Every structure is written in structure tokens, then in C-alpha cells.
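*Asks:* pasting the sequence and the predicted coordinates here, then a few questions.
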Amino acid sequence: MPTSDIILLSVSALLQVIGIAGSVLPVLPGAPLSFVGMVLCTIVFPHPLMITLTVVLGIMVLISMVIDYIAPTILTDKAGGSKYAMWGTNIGLIAGLIFVGPIGVILGPFVGAFVGEVIYTKKAGHSVKIAAYSFLSFIIGTMFKLMLCLIMFCICAGCVIISYIK
């Protein structure tokens, strides 16, 4: 295997590992990073099936980005929440990650949405409902991105393994 292919595959693997982490961490664009890694892998293994998978997964990455922006708004709005709850979700996610670590990624959005909605409405019961919907949207988006990143990683790892078996 040429050195340029090894370099491309190494960068691809690095981007995909970072992408997997980024699918859970809010500070990294996980799915887009994994997709760039997938494109690099496709350059090394330009099989028609690999090209088709890359195009399909690229579309799925775009859908995941739309879900990230639309799902919180739709679910929070459906529950009757305010923009304060949406901002609280994002702030809670970052604060939870910084101060509590991996558990904070799960608890932070819920607590942030709750606090944001309490500030806006002064109603704790209503705020719990809003926080639950906000948390649900975060979970849906995160799971979708994580699934995409893992699929891209497995496809590329499979290509590398198959190329060494030949």
C-alpha cells in the first residue's frame, strides 16, 4: 500500500474516532468529522459500493445536522416550552460536561432546560415537562449521530481489513 494511502487512512481513522467522541460532545461536529474521514477512506478504496455508501451517509449526516437544530425546537415547542428552555439545554450540556464529566452530558441538558424554563415561567411542574422533552430531543439527536459515526467507522475499518486479507 502506498505511503499516501496509509497517511489518508490514518487521518481518516483519526477523524472518525474524533467524530465518534464529537457525536456525544457538543463542542465537536461529530458526524461531519466522521464523514470527512469516510470521504478520505473512499479516496483510498474507490469501489462503486463505497462511493454509493459515502453519498448515502453524506445525506444522512446532513439529516442529522437538521435534526440537531429542528428537534429541540419542535419537541420543546410541542411541550409548550420557551427559548429559555432551549438555551438552558445547550448551556446545561456544556456546563455538565465541564463540571460533572460524562454524566453531565446526560444530566446537564435536563437541568439546563428545567432552570431555563423556571426562570421564564416560574412554574416548576411545567418546567419538568419541558426539560423532559428537551432531554428527549438531545437523546434522539445524539443517538442518531453516534449511530452514523459508528457505521462510518465500521465501513472504513472493514475496507482496511478486507484490503489486508487480499
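*Replies:* Cool, the structure landed. Only a predicted model underlies this, so the values are computations on that prediction, with no experimental measurement involved.
*Asks:* the helices in this structure, which residues?
*Replies:* Using DSSP state H, the helices of the chain run over 3-22, 30-44, 48-78, 83-100, 102-121, 124-165.
*Asks:* so the nearest residue to residue 96 once chain neighbours are set aside versus residue 58, what's the distance?
*Replies:* Distances taken as Cβ to Cβ, 6 or more residues apart in numbering put residue 108 closest to residue 96, at 2.1 Å, once the chain neighbours are dropped. For the C-beta atoms, the positions are set from N, CA and C on the backbone; glycine is no exception. Relative to residue 58, residue 108 is positioned 30 Å away (criterion: Cβ to Cβ, to the nearest Å).
*Asks:* who has more neighbours, the two?
*Replies:* Between residue 108 and residue 58, residue 108 has the larger neighbour count (other Cβ atoms under 10 Å), namely 26 against 16.
*Asks:* for the more buried one, give me its contacts.
*Replies:* Residue 108 makes contacts with 92-97, 100, as judged by Cβ atoms under 8 Å, 6 or more residues apart in numbering.
*Asks:* please repeat the previous calculation with a cut-off of 10 Å.
*Replies:* Shown in contact with residue 108 (Cβ atoms under 10 Å, 6 or more residues apart in numbering): 26, 88-100, 135, 138.
*Asks:* repeat that for residue 4.
*Replies:* Residue 4 makes contacts with 43-44, as judged by Cβ under 10 Å, 6+ apart.
*Asks:* model confidence for it, exactly?
*Replies:* Note on residue 4: pLDDT of 91.
*Asks:* which residue, other than its chain neighbours, is closest to residue 41?
*Replies:* Per Cβ to Cβ, 6+ apart, closest to residue 41 is residue 156, 4.0 Å.
*Asks:* roughly how far is stretch 82-102 from the heart of the chain?
*Replies:* Mean-position distance between stretch 82-102 and its chain equals 15 Å (Cα atoms, centre = their mean, to the nearest Å).
*Asks:* what does that stretch rub up against?
*Replies:* Stretch 82-102 is contacted by residues 24-27, 72-73, 75-77, 79, 81, 103-121, 126-127, 130-131, 133-135, 137-138, 142 when judged by Cβ under 10 Å, 6+ apart.
*Asks:* what are the buried residues along that stretch?
*Replies:* Neighbour-count burial for stretch 82-102, counted by 16 or more other Cβ atoms under 10 Å, picks out 82, 84-97.
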